[in-house]
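> Pasted the sequence and its predicted model underneath.
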Amino acid sequence: MAKAKKGTVFFCQECGFESAKWLGQCPGCKAWNTMVEETVVSSSGKAGSSKIRVERKEPSSLSQVSLVKEDRMETGIRELDRVLGGGIIPGSLILVGGDPGIGKSTLLLQVCQKLAGQGRRVLYISGEESLKQIKLRAMRMGEFSDDLLLLCETNLDIIEETIRRILPQVVIIDSIQTMYNEGVGAAPGSVSQVRESTGVLLQLAKGSATSVFIVGHVTKEGTVAGPRVLEHMVDTVLYFEGDRHASYRILRGVKNRFGSTNEIGVFEMRQEGLVEVKNPSEFMLNGKPQGASGSVVACSMEGTRPVLIEIQALVCHSNFGIPRRQATGTDFNRLNLLMAVLEKRVGLQIASSDAYVNIAGGMRIQEPALDLGIVMALVSSYKNRPLEDKMMVFGEVGLSGEVRAVSQAAVRVQEAKKLGFTICVVPEACRDSLRDVRGIKLIFVASVRDAMELI
């Protein structure tokens, strides 16, 4: 008979790499000082003393595989359904991450409210809050159906037995870092506990067609705490973004086996909870200054949704030997590259000036289509000449100073037209795709020098 044997193994907190000894640098993800020692329990016995009979399976051709249309559960929150790909797939495992206080528990409690109101049985399991704390938060949101069941527990064996007994359609685990499995000799929140607990929940979800939402804490770098293998085990990974002191929140899909990973959902935090923002462009442009230099409206595509945002730039004389550069909401290295293009290709002497670029509203956007907007904002601030208030620009800037085409140009222009913009500065390479656009003035530019003539 096999006997349980205890030992210690070193795990990487970033990627979950295992090692028998401590290493300064993880061989898997090349991160430094991430190896932690944990106690594991393994069974030992005579090799070959027992054999497991495995059922023989024959491979199938692709044409023999039949597809069944999955019935998605609509949550009643359209912004969340958009990010999930149309709703919740039965038996899926969904990971929701975000900074503390960003609104993860509030959103999932609202999901419970909507689903329970549809007559679906929902189980909310909290390892961080008591029943009274959940009740106080729920009172701000309105009425809840009796189909919502609450459980405060961290023992995964009890949680597994409860799920198998009542068979809910949706389960919320808040959070995975507080759960512990008695079969793993490590503290809750450790790499072993997080990985093994997620494995148990994965088997429950796939075996009983129960959809499971997992709340995950994030590290200071913004990634889910625990091994990266956690993101590989789940079906969908959602991240909550935004400044906790601001009113808006952005739900972004990082991984989705049942839909697109480019969609975003925009919410506004209010006293009664998270409220959907149906028109993010209008929301992001609220409070834009009129007739101010260094302010440019650009358009970014988030999946199938165009979002108009304001780019603010401030260029001023530097009082120090080394000029300062600061980028908020966009790539810092991209800012330096675009300033070098202005210096080399256009002859604009801004190398000795301080430059600050900000994406108004706190959004983080890395799309190259914002290049032309950043360039025009820098030039507008440097020359202290404002642009037209109803002008929108987009385009990618190359190292030769050329303005390159971007995808879905017609969709971006139609969004600007819908919000009352009268002028659009677009790349010359997008002329053919915008041939059928009417009702808005289009200015085509082939290079950064052509765009500067508009300022």
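Cool, got the structure.
> can you pull the contacts of Asn256?
83-85, 235-237 (C-beta atoms under 8 Å, 6 or more residues apart in numbering). Any C-beta I mention is one placed from the backbone N, CA and C, and that applies to glycine too.
> where in the chain is pLDDT low?
1-6, 40-56, 67-70, 219-229, 244-245 (pLDDT under 70).
> Pick the one among the contacts of Asn256 closest to Glu263.
Set against Glu263, the nearest of the contacts of Asn256 by C-beta to C-beta is Val83 (5.0 Å).
> Who wins on neighbours among the contacts of Asn256?
Compared across the contacts of Asn256, Leu84 has the highest neighbour count, 27 neighbours, by other C-beta atoms under 10 Å.
> quick revisit: specify which member of the contacts of Asn256 is nearest to Asp450.
Nearest to Asp450 out of those is Val83 (C-beta to C-beta; 38.0 Å).
> returning to what we had before: using JSON lines, please lay out the contacts of Asn256 together with secondary structure and distance to Val194.
Formatted as JSON lines, the contacts of Asn256 follow (DSSP: H, G, I helix; E, B strand; the rest coil; distance: C-beta to C-beta, whole Å):
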{"residue": "Val83", "secondary structure": "helix", "distance to Val194": "24"}
{"residue": "Leu84", "secondary structure": "helix", "distance to Val194": "23"}
{"residue": "Gly85", "secondary structure": "coil", "distance to Val194": "26"}
{"residue": "Asp235", "secondary structure": "coil", "distance to Val194": "17"}
{"residue": "Thr236", "secondary structure": "strand", "distance to Val194": "17"}
{"residue": "Val237", "secondary structure": "strand", "distance to Val194": "14"}
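> From Tyr248, how far out is Val237?
21 Å (C-beta to C-beta, to the nearest Å).
> actually Asn358, not the one I typed
16 Å.
> go on, Ala409?
On the measure of C-beta to C-beta, Ala409 and Tyr248 end up 26 Å apart.
> same thing with Gly373?
On the measure of C-beta to C-beta, Gly373 and Tyr248 end up 20 Å apart.
> go on, Ile176?
According to C-beta to C-beta, Ile176 and Tyr248 sit 26 Å apart.
> the more surrounded of those two?
Shown here are Ile176 and Tyr248; by other C-beta under 10 Å, Ile176 has more neighbours (26 against 20).
> That one touches Val218, doesn't it?
No - counting by C-beta atoms under 8 Å, Val218 is not a contact partner of Ile176; they are 11.9 Å apart.
> Next up, the contacts around Pro427.
Neighbours of Pro427 in contact, by C-beta under 8 Å, 6+ apart: 372, 394-396, 403-406, 409, 444-446.
> That one and Ile163: what is the separation?
54 Å.
> can you check Ile94 too?
16 Å.
> swap in Met179?
For Met179, the distance to Ile163 - C-beta to C-beta - is 13 Å.
> more neighbours, Ile94 and Ile163?
Taking neighbours as other C-beta under 10 Å, Ile94 and Ile163 compare with Ile94 leading, 25 against 20.
> what separates that one from Ile166, distance-wise?
For Ile94, the distance to Ile166 equals 20 Å [C-beta to C-beta].
> Looking at the contacts of Asn256, which is nearest Trp22?
Out of the contacts of Asn256, the member with the shortest distance to Trp22 (by C-beta to C-beta) is Val237, at 29.9 Å.
> beta partners of that closest one?
Leu95, Lys255 (DSSP bridges).
> Identify the residue nearest Pro100 in space, chain neighbours excluded?
Nearest in space to Pro100, with sequence neighbours left out and distances taken as C-beta to C-beta, 6 or more residues apart in numbering, is His217 at 7.4 Å.
> so the one you found touches Gly101, yeah?
No - between His217 and Gly101 there is no contact under C-beta under 8 Å: 11.6 Å.
> where do the helices sit along this structure?
Taking DSSP state H, the helices of the chain run over residues 78-84, 104-117, 131-139, 156-166, 191-208, 229-233, 280-284, 332-341, 371-383, 409-418, 448-452.
> Output the ones you listed in a markdown table; the columns should cover distance to Leu148.
Putting the helices of the chain into a markdown table (distance: least, C-beta to C-beta, whole Å) gives the following:
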| stretch | distance to Leu148 |
| --- | --- |
| helix 78-84 | 17 |
| helix 104-117 | 4 |
| helix 131-139 | 9 |
| helix 156-166 | 12 |
| helix 191-208 | 19 |
| helix 229-233 | 27 |
| helix 280-284 | 30 |
| helix 332-341 | 45 |
| helix 371-383 | 45 |
| helix 409-418 | 38 |
| helix 448-452 | 55 |
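> which one of the ones you listed is the most hemmed in?
Ranked by mean neighbour count, the helices of the chain are led by helix 371-383 with a mean of 25 (mean count of other C-beta atoms under 10 Å).
> Report all helices and strands that that helix contacts.
Secondary-structure packing of helix 371-383 (3 or more C-beta pairs under 8 Å, 6 or more residues apart in numbering; DSSP states H and E): strand 295-302, strand 305-317, helix 332-341, strand 353-359, strand 391-393, strand 396-397, strand 423-427, helix 448-452.
> okay, those in a markdown table with distance to Gly28 next?
Supplementary listing: those in a markdown table, determined by distance: least, C-beta to C-beta, whole Å:
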| stretch | distance to Gly28 |
| --- | --- |
| strand 295-302 | 32 |
| strand 305-317 | 36 |
| helix 332-341 | 26 |
| strand 353-359 | 34 |
| strand 391-393 | 43 |
| strand 396-397 | 34 |
| strand 423-427 | 42 |
| helix 448-452 | 42 |
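> Of all the ones you listed, which one comes closest to Gly117?
strand 305-317 (26.9 Å).
> Pull the distance from the closest one to the chain's centre.
Offset of strand 305-317 from its chain centre (C-alpha atoms, centre = their mean, to the nearest Å): 21 Å.
> Report the backbone C-alpha coordinates of that strand in PDB.
Extracted C-alpha coordinates of strand 305-317, given in PDB (Å, rounded to 0.1, in the frame of the first residue of the first chain):
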ATOM      1  CA  ARG A 305     -16.200  49.300 -31.000                       C
ATOM      2  CA  PRO A 306     -14.700  52.600 -32.000                       C
ATOM      3  CA  VAL A 307     -13.900  54.900 -29.000                       C
ATOM      4  CA  LEU A 308     -13.100  58.600 -29.400                       C
ATOM      5  CA  ILE A 309     -10.600  59.800 -26.800                       C
ATOM      6  CA  GLU A 310      -8.900  63.100 -26.100                       C
ATOM      7  CA  ILE A 311      -5.100  63.200 -26.400                       C
ATOM      8  CA  GLN A 312      -3.500  66.000 -24.400                       C
ATOM      9  CA  ALA A 313       0.100  67.200 -24.800                       C
ATOM     10  CA  LEU A 314       2.200  69.800 -23.100                       C
ATOM     11  CA  VAL A 315       5.600  70.900 -24.500                       C
ATOM     12  CA  CYS A 316       7.500  73.600 -22.700                       C
ATOM     13  CA  HIS A 317      11.100  74.800 -22.200                       C
END
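> What are the buried residues along that strand?
By 16 or more other C-beta atoms under 10 Å, the buried positions in strand 305-317 come out as 305-315.
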